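Novice: I need the structure of the sequence given here:
(3 chains)
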Amino acid sequence: MSLALFWIFAILTLLFAVGVVVFRSPVSSAMSLVMSFVGLAALFVTLDAFFIAVVQVLVYAGAVMVLFLFIIMLLDLRTEERRPVKLAAWAGGGIVLAGFLVAIARVISSLPGATNTKPEILPGLNDVAQVGVALFRNFNLPFQIIGVLLLVATIGVVVLSRRELK
Amino acid sequence: MTNLLIALAPEAFLVITALVVLGIGVSAPKARGAITAATLLGGLVAAAALLLHPVDGNFLHGMVVLNPLARLFKLVLLGLGLVSVVFAAESFPKLHFAEALALLLFSMVGMMLLAGTEDLLMIFLALELTSLPLYILAAFAKESRASAEAGLKYFLIGSVAAAFLLYGLSLIYGVAGSTNLRVIAKLSGDPDPLLIAGIALTLLGFAFKIAVVPFQLWAPDVYEGAPTAAAALIASGSKVAGVFILTKILTLGLGHWTGTAGWGQFAPGWAPVLALMAAASVVLGNVAALVQSNVKRLLAYSAIAHGGYLLIGLCAADAPSLTAVLFYVIIYALTTAGAFGVVVIVEKQRGGSHLEDFEGLGKSSPVLALCLLVFLISLAGIPPLAGFFGKFYLFTSALANGRHLWLVILAVAMNAVSLYYYLIVLKHALVLPAPKETVPTAAPASKFLVVLLALAVLALGLAPNALIGPLSNGQTVKNIIINTLQK
Amino acid sequence: MTQVSPLLFLILVPLVASAFIFVGSSARRTALIASLVNLVFVLALFAVFQTGDASYQFVSSTPVIPSLGIALTLGADGLSLIMLLLTALVTVAAVAVARTPDKNAGWFYASLLFISAGGLGAFASIDLFFFYMFHELALIPTFLLIGIWGSGDRQAAAWKATIYLALGSFVLLLGLIGLYLIQPEGSRTFDLRSVISMAGLGVLGDGTWVYLLLLLGFGILVSLFPFHTWAPQAYASAPPPAAMLHAGVLKKFGLYGLIRIASPILPEAVTQFANLLLILLVGNLLYVGYVTISQRKLDWMLGYSSVMHMGYIFLGFAALNVFSITGASLLLFAHGLSIAALFALSGELRERTGTLDLAEFGGLAKPMPFFGLLFGFASFAAIGLPGFVGFPGELLVFFGAFAGGEPLMDSVNGVEIFALNNFQIATVCAVWGVVISAIYMLRAYRRIFFGPVSDRWKGLPEISGVPRVAIVTLLVVMLVTGFFPNLLIRLLASTSLWL
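Specialist: Below you'll find the predicted structure:
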């Protein structure tokens, strides 16, 4: 059951991710991205990571995407012009890619370690309180560093996007 | 707990300094002297904290690990960062100067954290903290198209590489069940395919950090377009930190999967992958550098080639080779920082960094020309300068391992090629006359620093043991390669 | 050992002098004083040298990288002392005849001093790492000297020489690293004495490939046929002092290295590849000799002749016996002095006439009789006429080489007769080399100094002053050691014992 769900959501996620690149209209691309994020959230659910699933939907599919759409609206982006598809290039690239994938698959499947059982990772952290405790106790230092990282990003945005007064 | 505070004090001082500098920037944006002074002062306080209160130990389950080697690298990275700060005064736009220095400081914090950790999560975060300020700094000259292009290119390729790296690290984490390198090192038996994929993706991610094939494309454009002081840090500090942590991940965490890179006797592992990356980088970097007309681009291709030399040492993966790699990367960083310093001053005097802009340098400022001579022939590996000794040590220890003759022969042949393009720069600087009279612009601090770096390169060439001693004695390199030795 | 070798002083003098030049002291005077100080100093070393002692003297050792067995170990035996004397003499002469250039005089003299320091350091090093390192010290100054102050197509000449020399050095470096790695693990060192004693104990690994690398590396540096093409062009374009120092001193480094390293450590490999070396050196003597004859310009002719003469020394090395090696060592000294004198004279000639085309000269002995006399003596010395130190050198090489190798027997109709082995054939070719060098040297001498004098050259000034003294000194040294070769052979005899 969960395996079937994994395949369904994984394929959905990938298809919409391809859609982000393929669609010519920015709004369609953004909506594809939303769907891709939702698929990803569903994958988290199948892994019993409910908290991350919720955050994924709330933050990415919700907040970040709204910002994306705002920006698309503000910049008044038009649909990209469609470029002629070069069949030969696609075919050549496809052949190389397929060959590469086959080679990788054969190498990997020939390795004897493929059947090793994977270790247990961490006990489930589904309670928001547990997540908070882990974040502020075990992962306090990384959390602080992310704070600095966000400050850097803020400075960068302000400095680079500001229109200088002459 | 107090020990942890002392252990992280240098980084904390730098963050505080960065905030103070931002504050000065808001209240007195024109006081560039004060801003530089505050930055340097903060850096010196951090260096003092590092030197006067050395703490060794393992904190937070390996997230912060300090030992003499890590502290040595923190000091080197701090020094390289401060060198860029001094150069920044000559090469950054006047606008938003405080923000630029704060970003340099943040990047230094990332590098220093990187040198003192054995945890995949921290490694990734610290790498991002190193890179993100550099992306912004690369685009900092807002009136210049080249700078904008450099920033965008650096950012896009960097993000893709970061994605590779994160994917690789998370696969390693998934297989090992821990982000701690020493726990990962306990994995044994047949390699898991996921682990192989994880290692491969990690290597690709690091290929970006240290600018080797296949993620080398950004280097020439970024070195050329970015403000030169930012390029200096990208070429020196960022590379040192990347090589150091890559060495640590591969030998401390993944020492069981070294494999062999000998000609005709490849065994699966990361060494053969590195060997191919090294061979490609050495050839591509040296050959492409031959046709460059901009000194910064030329230095970028030479950086790719030097990344290749470093990987050769990593392939050998025994104590002498790793000591040689670490020695080489420090020497390389000092030399490159110095060369960029000369470029900073020349750019300020002539307004460009093309070969023609160096013409007549020997006449107009002989000291600077002499320093350039020292840096370039050190990069070319001519004695008695430190670069020669670094190469000698690297190649000797890679050969002593007995399997890397093909790589060393390739590297030596390409090194002979490299002499040509370094000499082209010297020909322009020393042999050709100046096309027009130029007024030397005073840049006393940068010039002083350039002379200092040249003296350091000369001194380390005459007495390399001053650095090899600390690198190879007792607890240092053995600390990070203990698993390889036990193998 | 805490004592400081006097040899270190010898190396430091030129370096300190160049530092003084950079901070502003008068370039020419400083360089001249430094080189004279060094000459006096080397002569003092001769005075205190213990002739009967075969081991190194004036030894001092400072560990540099103990973990790799690298130490700054200086010391001199008879052979090194002779090379040091050569270097000091040629440096004095080179600085003396140098014309101070209009631009960057400081860089010019500093480069000369660096080349000199490199030569001195290489000849005084017992440690192979520093032996290499000091030689490399001269690479960039050579590039600058040819590139900035050269004549003709100086850029091309500078590039060609530098790339060849760098390539040779890198191959040589690989060879030296190989020599390090064939030592048993744990006792690896760059100390030449230890390596030689290890070779004596038979604990070294297979050294065949190391010898080939060394031969190729040193061969490029010495302009062994067919890697010689950089040399004539470089010497023709270089300013005279640079050509003197490079052809006279630095090029000897490669042969000195082969004699020093390959003959005691890898004698089997030398014997094994003797035939290859013989073919190449006959190429040097006959092919390059033929090319030399066909040169139309004096500087190119001298450049080729300096390549050609390396053949004799290679022959002495290849035969690997006491006579031949002693002769080769003498020739190192003799050729260094004679080629330096010739390049100095050709530089003076160009300075006066603006050309070195042999066809344009004639009858110069009339306006400049003393110049002609000096040139004649220098030519005779280069040919190796009796009375000059080249003569005993060539004689010993020929005798030694003729006795080299296994005697070859042949039988005709059942009667055993002697046949010439390859060494003997090469020796015969080498003797023809003397004839070839006599042809081109004497022909050049006749073209320049005899015959009707054209009006262009009537007012040429005679050689005088410092250059005159310098060149006369070189010739006097060659004459003295030529009449009393035992002065040098006594020093070498003990050195040659390690064969």
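Novice: distance of the residue nearest to residue B:58 when sequence neighbours are not counted relative to residue C:289?
Specialist: Nearest residue to residue B:58, sequence neighbours excluded (C-beta to C-beta, 6 or more residues apart in numbering or on different chains): residue B:65, at 5.1 Å. (Each C-beta comes from the backbone N, C-alpha and C, glycine too.) Using C-beta to C-beta, to the nearest Å, residue B:65 is found at 69 Å from residue C:289.
Novice: and if you look at residue C:479?
Specialist: Distance from residue C:479 to residue C:289, by C-beta to C-beta: 25 Å.
Novice: any idea which element residue 108 lies in?
Specialist: With no chain named, the answer covers chain A. If you go by DSSP states H and E, residue A:108 is part of helix A:87-110.
Novice: hmm, no, I was thinking of chain B.
Specialist: Counting by DSSP H and E, residue B:108 is found in helix B:97-115.
Novice: one more: residue C:409?
Specialist: Going by DSSP H and E, residue C:409 is part of strand C:408-412.
Novice: what helices or strands is the next helix or strand after that strand leaning on?
Specialist: Scanning forward in sequence from strand C:408-412 by DSSP H and E, the next helix or strand is strand C:415-419. With contacts taken as 3 or more C-beta pairs under 8 Å, 6 or more residues apart in numbering or on different chains; DSSP states H and E, strand C:415-419 sits against strand C:408-412.
Novice: adjacent strands (with direction) for the strand it packs on?
Specialist: Strand C:408-412 sits in its sheet next to strand C:415-419 (antiparallel), going by DSSP bridges.
Novice: mind checking what secondary structure the spatially most central residue of chain A has?
Specialist: Per C-alpha atoms, centre = their mean, the C-alpha nearest to the average position across chain A is that of residue A:37, at 6.5 Å. Recorded secondary structure, residue A:37: helix (DSSP: H, G, I helix; E, B strand; the rest coil).
Novice: look up how far residue A:61 lies from it.
Specialist: 4 Å.
Novice: please apply the same query to residue C:453.
Specialist: In terms of C-beta to C-beta, residue C:453 sits 101 Å off from residue A:61.
Novice: neighbour count: residue C:479 and residue C:289, which is higher?
Specialist: residue C:289 (26 against 15; other C-beta atoms under 10 Å in any protein chain shown).
Novice: which secondary structure elements does the helix or strand hosting residue A:156 contact?
Specialist: Following DSSP H and E, the helix or strand that holds residue A:156 is helix A:140-161. Under the contact definition 3+ C-beta pairs under 8 Å, 6+ apart, helix A:140-161 sits against helix B:2-27, helix B:97-115, helix B:120-138.
Novice: again, 7 Å this time
Specialist: Using 3 or more C-beta pairs under 7 Å, 6 or more residues apart in numbering or on different chains; DSSP states H and E, the elements in contact with helix A:140-161 are helix B:97-115, helix B:120-138.
Novice: a markdown table for these, including mean neighbour count and mean pLDDT?
Specialist: Output for the helices and strands packed on helix A:140-161, formatted as a markdown table (neighbours: other C-beta atoms under 10 Å in any protein chain shown; pLDDT from 0 to 100):
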| stretch | mean neighbour count | mean pLDDT |
| --- | --- | --- |
| helix B:97-115 | 28 | 94 |
| helix B:120-138 | 25 | 95 |
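Novice: which one, of these, ends up nearest to residue C:269?
Specialist: Closest to residue C:269 of the helices and strands packed on helix A:140-161 is helix B:97-115 (C-beta to C-beta; 47.1 Å).
Novice: packing partners for the closest one?
Specialist: Looks like helix B:97-115 contacts helix A:140-161, helix B:2-27, helix B:32-52, helix B:68-91, helix B:120-138, helix B:237-248 (3+ C-beta pairs under 7 Å, 6+ apart).
Novice: run the last query once more with 8 Å
Specialist: So helix B:97-115, by 3+ C-beta pairs under 8 Å, 6+ apart, packs with helix A:140-161, helix B:2-27, helix B:32-52, helix B:68-91, helix B:120-138, helix B:228-235, helix B:237-248.
Novice: now that helix and helix B:32-52, what's the angle there?
Specialist: For helix B:97-115 against helix B:32-52, the angle by axes from the mean of the first three to the mean of the last three C-alpha atoms, to 10 degrees is 20 degrees.
Novice: now the angle from helix B:97-115 to helix B:237-248?
Specialist: Going by the same axes, to 10 degrees, helix B:97-115 makes 10 degrees with helix B:237-248.
Novice: using CSV, list the CA coordinates for helix B:97-115.
Specialist: What follows is helix B:97-115, C-alpha atoms only, in CSV (Å, rounded to 0.1, in the frame of the first residue of the first chain):
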residue,chain,number,x,y,z
PHE,B,97,31.2,49.6,2.0
ALA,B,98,30.2,48.6,5.5
GLU,B,99,27.8,45.9,4.2
ALA,B,100,30.6,44.5,2.0
LEU,B,101,33.0,44.2,5.0
ALA,B,102,30.2,42.6,7.1
LEU,B,103,29.6,40.1,4.4
LEU,B,104,33.4,39.3,4.3
LEU,B,105,33.3,38.8,8.0
PHE,B,106,30.3,36.4,7.8
SER,B,107,32.0,34.4,5.1
MET,B,108,35.0,34.1,7.3
VAL,B,109,32.8,32.9,10.1
GLY,B,110,31.5,30.2,7.8
MET,B,111,35.0,29.1,6.8
MET,B,112,36.2,29.0,10.4
LEU,B,113,33.2,26.9,11.5
LEU,B,114,34.0,24.6,8.6
ALA,B,115,37.5,24.1,9.8
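Novice: next one: it to chain centre, how far?
Specialist: 14 Å (C-alpha atoms, centre = their mean, to the nearest Å).
Novice: and what of stretch C:51-59?
Specialist: Offset of stretch C:51-59 from its chain centre (C-alpha atoms, centre = their mean): 23 Å.
Novice: distance between the ends of that stretch?
Specialist: End-to-end distance for stretch C:51-59, by C-alpha to C-alpha, to the nearest Å: 15 Å.
Novice: could you check that stretch and say which residues are buried?
Specialist: The neighbour-count check on stretch C:51-59 (16 or more other C-beta atoms under 10 Å in any protein chain shown) flags C:56-59 as buried.
Novice: tell me if I'm right that residue C:89 and residue C:471 touch.
Specialist: No - the pair residue C:89 / residue C:471 is not scored as a contact, 11.3 Å apart, by C-beta atoms under 8 Å.
Novice: check contacts around the residue nearest to residue C:217 when sequence neighbours are not counted.
Specialist: Sequence neighbours aside, residue C:172 is the residue nearest to residue C:217 in space, at 2.9 Å (criterion: C-beta to C-beta, 6+ apart). Residue C:172 makes contacts with C:132, C:213-214, C:217-218, C:221, C:257, as judged by C-beta atoms under 8 Å, 6 or more residues apart in numbering or on different chains.
Novice: inside helices: which ones of those residues?
Specialist: Under the assignment DSSP state H, those contribute C:132, C:213-214, C:217-218, C:221, C:257 to helices.
Novice: nearest to residue C:250 among those residues?
Specialist: Nearest to residue C:250 out of these is residue C:221 (C-beta to C-beta; 8.1 Å).
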